[in-house]
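Undergrad: could you look at this predicted model? Sequence included:
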Amino acid sequence: METQNITLLSFKIQDDLFAVDALQVDHILELPPNITAVPNTPHYMKGIINLHGNIIPVADMRLIMDKEVQDKRSDASIIVLNPSNIQDARIGILVDVVEEVIETKKEALKETITEGKKGLIEHFEGTLVFNEDFVHVINIAHLCEIIEK
Amino acid sequence: MIDKFRAKFVEESTDNVHDLEEALFLLEKDMDNKELIERIFRAMHSLKGGGAMFGFNHLSEFTHHLETIFDWVRTNKLKVTTDLITLTFSAIDQIKFLLKTGDLSAADDLKAQQAFIQRLQAFLSEGGSTGTSAASAAQTEADPEESDEKTYLISFIPQKELLQNGTNPLYLLDDIHALGQALTLAFTHKVPSLDLIDAEANYCLWQILVSTSESINEIKDVFIFVEDECELHIDQVAGHNILQDKDVLEKAEKAVKNSTLLTVEDFKQESQAAAASVAPQTEERKKAAIKEHKISSIRVSSHKIDELVTLVSELVTLQAQLSLYAENTQDATMLSMSENVQKLSRQLRENAFDISLIPLQSELMRFQRLVRDLSKDQGKDIDFIIEGGDLELDKNIIENLTDPLLHILRNSIDHGIEVPEDRIKAGKAPKGNILFKAFYSGANVIIEISDDGKGIDAEVIRQKAIAKGLIESDAALTDKEVLDLIFVSGFSTREVVSGVSGRGVGMDVVKRKLANIRGEVSIESEKGKGTLISITLPMTLSIIDGLLVGVGESQYVIPISAIDKLYALQPEQLKQSFNQVVVIDNEQHPYIDLRKVFKASEEAEREQLQMIMVKAEDRLSGLLVDAVIGEYQTVVKPLGRYLKKQEILSGASIMGDGTIALVIDTTRLLQKQKNRK
């Protein structure tokens, strides 16, 4: 049987581990000193940042997941995603800690079991057991769709 | 891979078709212009050849028949007539269709194609001076008018690079031999010694004496694909076959031996020199024209230009950071270096933006076609005059401009210009005029489209608007305000949807589309006299002059072009006022507090604040800000898809220190405030 390798980038929001497809990650940035707030946007929209002369919007993943924002976490980072099948859709997501790159097989993903909706996200690509932790894989296209609404 | 080539072919062919149309327009005005006919023929020839090579067989076949017609024109067997030009125009449409769809498969399309080819053939057999089956064998067909054999001297002096294109000169010589009796003289005196020889270079040149009944054009055709890579002279040296002449053979032998090329003069005694000298001159001139055309521009993908502009914008931002840093260090060397970098990057920026500008001309051809076709369809006679077609605009603007302009022109033709009988009754010249005028005005470009048609009756518009419930029946509106109603959505002046205008796109869409590129449109019209529609556009989308202001803790940019006046206010002046009006010099000014709009914290007491008067659509309103920081030329970046609902911001701008200021769209802001009231 054919197996499909996947590469994931995992990150933490409070104590939960999540991951996105690493191939669609453009940059990982330290939290810049100032994010320019854009007025009259949804609460999870942190604002925009200047990435090498390009304007990148930043969404706070913690708010999207309905978690509390812990003040001044020094490890907080922005993962800049460049969704492969949507045009001009680069977006930064703000997370608590960026963890590591995980190489695995697609078959290792199990169905994610959730009680109702997890924040704004309606479904996950799957859940992976890695080093005895559960890593929930977020579908980037779905995430972008939510943010665009 | 082949798809890539096909795409390239389609791209190039589109240029060819464009060229074809342009030449045809010129030909219509100057029907005897040989050079134009040549240009048309060449464009068709390329289409035919390329089409066959890249699998556009129907295109190739179709163009072949068309080419035949122009071959006859070229050899004076057919005269250029209006009928011929009209037929060719519709044929060009078919070519465009074939380019778009590739080979036809639908039965209807095939039938239409066959019918068209029959039309072309019929045209030939009716119009041609000889009744031979021209369509089948245009290239090799004998020309009855020039049935006498003539002798030509062809000097074919290729450049060294000839072989690199895969051209085999020997095939060309074979082709010449196929035309008639020929004598080829090969000159090899330029071949260097073996150790210096470049195996891929061509060192040979040839002279060919050919005696043929074909016209000189047939000979030129042989060289049509190499004419840029060689020096070519074709001269008639005798009115009969001189290849049997002993004298001539001797001369030829001597020439090869001494490595001196034969000249027309060598044949003077035999030649009827009259016709000979004209040919090389025109040939030379034509070649020069082609050369010039090629070097004056190169083709670059627009993607690359976008990238260049982005990089330059980034450089400008970085340079601003550098000068900020240099100023802080107060180091003299550093300061002068940073100043030089600033100078260079400014020049670079101006250049890069200049590159992304393209002349309006490139789109105008479509408009000429539209006017021509529609006026013929509707039995109207219209003179379409273009002024300022060489004016340059950002390519993104031009792309978004085409549809609105086409629509406005359609309206002018359909609703504006009357049929000749009506025009005469109204005391006007039977021929209508549409004037397309483009010119610079400050930092803006203005495009005016005016016609001398029947104009718009404000009363009709008013009644219509009342019927549609757009205005109250007793609303007091000036004629100008009434005319502006045609830009309101859901308004179309014609009851019947006529295939011409009213294709579901009304003037409201025109207005909206133009608003996307920060353009504004206005209309003036006088009943019976005509209509003038004028469009104001920014010269480029990406750079604006802006006023940087502070609101709360954020910075915003307001486009200078929208600003009328600045006032410094004391907070007390606001407290005195009620209903959002400030009184200055006994005049009342409505205002919008940007702190409220942008939900900035209102804790900080304002000791002094500024009011910026901005105008939009004839309305003036004040924007309250905390501070005016300065005037900047800024690069406006789009906010992207996630923030597109953000109506009152048109983009973001990166400041010298790397921070971001949001750019306010004043027109939308004022509109939004108005609607809320």
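TA: Perfect, thanks for sending it.
Undergrad: residue B:298 - how many residues pack around it?
TA: 6 (other CB atoms under 10 Å in any protein chain shown). Yep, even glycine has a C-beta here, placed from its N, CA and C like the rest.
Undergrad: do residue B:360 as well
TA: 23.
Undergrad: excluding chain neighbours, what is closest to it?
TA: Excluding the flanking residues, the one nearest residue B:360 by CB to CB, 6 or more residues apart in numbering or on different chains is residue B:391, at 5.2 Å.
Undergrad: next one: the one you found from residue B:515, what distance?
TA: The gap separating residue B:391 from residue B:515 is 21 Å, by CB to CB, to the nearest Å.
Undergrad: now do residue B:643
TA: Distance, residue B:643 to residue B:515, by CB to CB: 18 Å.
Undergrad: neighbour count winner among these two?
TA: Relative neighbour count places residue B:643 above the other of residue B:643 and residue B:515, with 22 against 15, counting by other CB under 10 Å.
Undergrad: what's near enough to touch that one?
TA: A:38, A:41, A:45, A:48, A:57, B:649 (CB atoms under 8 Å, 6 or more residues apart in numbering or on different chains).
Undergrad: filter these down to the ones in helices?
TA: Judged by DSSP state H, the contacts of residue B:643 include no members of helices.
Undergrad: among the residues you listed, name the ones in strands.
TA: Those of the contacts of residue B:643 mapping onto strands are A:45, A:48, A:57, B:649, per DSSP state E.
Undergrad: now tabulate those in TSV and tack on neighbour count and pLDDT.
TA: Output for the ones in strands among the contacts of residue B:643, formatted as TSV (neighbours: other CB atoms under 10 Å in any protein chain shown; pLDDT from 0 to 100):
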residue	neighbour count	pLDDT
A:45	21	89
A:48	26	91
A:57	23	92
B:649	20	84
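Undergrad: get me the contact residues on the stretch 201-350 of chain B for chain A.
TA: Contacts of the stretch 201-350 of chain B with chain A, taken as CB under 8 Å from any CB of the partner chain, map to B:310, B:313, B:314, B:317, B:318.
Undergrad: please read the previous query as pertaining to chain B.
TA: So chain B meets chain A at B:310, B:313-314, B:317-318, B:554, B:597-600, B:637-643, B:646, B:649, B:651-652, B:654, B:658-662 (CB under 8 Å from any CB).
Undergrad: just the buried ones out of those, please.
TA: When these are checked for burial by 16 or more other CB atoms under 10 Å in any protein chain shown, the buried set is B:310, B:313-314, B:317-318, B:554, B:597-598, B:600, B:637, B:639-643, B:646, B:649, B:651-652, B:654, B:658-662.
Undergrad: is residue B:550 in contact with residue B:630, as I believe?
TA: No. Using CB atoms under 8 Å, residue B:550 makes no contact with residue B:630, being 10.5 Å away.
Undergrad: out of those two, which sits in the busier spot?
TA: Between residue B:550 and residue B:630, residue B:550 has the larger neighbour count (other CB under 10 Å), namely 17 against 9.
Undergrad: any low-confidence regions in the stretch 401-550 of chain B?
TA: By pLDDT under 70, the weakly predicted segments of the stretch 401-550 of chain B are B:442-443, B:489-505, B:539-543.
Undergrad: can you show me the helices along it?
TA: Secondary structure of the stretch 401-550 of chain B (DSSP state H, counting those that start in this stretch): helices at B:420-425, B:458-467, B:479-484, B:507-516.
Undergrad: how about those, which one is nearest residue B:405?
TA: Ranking the helices of the stretch 401-550 of chain B by proximity to residue B:405 (CB to CB) places helix B:507-516 first, at 8.7 Å.
Undergrad: can you give me how far the closest one is from the chain middle?
TA: Offset of helix B:507-516 from its chain centre (CA atoms, centre = their mean, to the nearest Å): 21 Å.
Undergrad: over to stretch A:127-134?
TA: 17 Å.
Undergrad: buried residues, stretch B:563-580. List them.
TA: Going by neighbour count (16+ other CB under 10 Å), the buried part of stretch B:563-580 is B:563, B:567, B:569, B:574, B:580.
Undergrad: likewise for stretch B:326-343?
TA: B:326, B:334, B:338, B:341, B:342.
Undergrad: from the residues you listed, which land in helices?
TA: Counted as lying in helices by DSSP H, out of the buried residues of stretch B:326-343, are B:326, B:334, B:338, B:341, B:342.
Undergrad: distance of the second one relative to chain A?
TA: As for residue B:334, its distance to chain A is 23 Å (criterion: CB to the nearest CB, to the nearest Å).
Undergrad: thought that residue was touching residue B:326?
TA: Yes. Assessed by CB under 8 Å, residue B:334 is found in contact with residue B:326 at 4.7 Å.
Undergrad: name the helices or strands packed onto the helix or strand that contains residue A:145?
TA: Using DSSP states H and E, residue A:145 sits within helix A:140-148. Helix A:140-148 sits against strand A:16-21, helix A:61-64, strand A:77-81, strand A:91-95, with contacts defined as 3 or more CB pairs under 8 Å, 6 or more residues apart in numbering or on different chains; DSSP states H and E.
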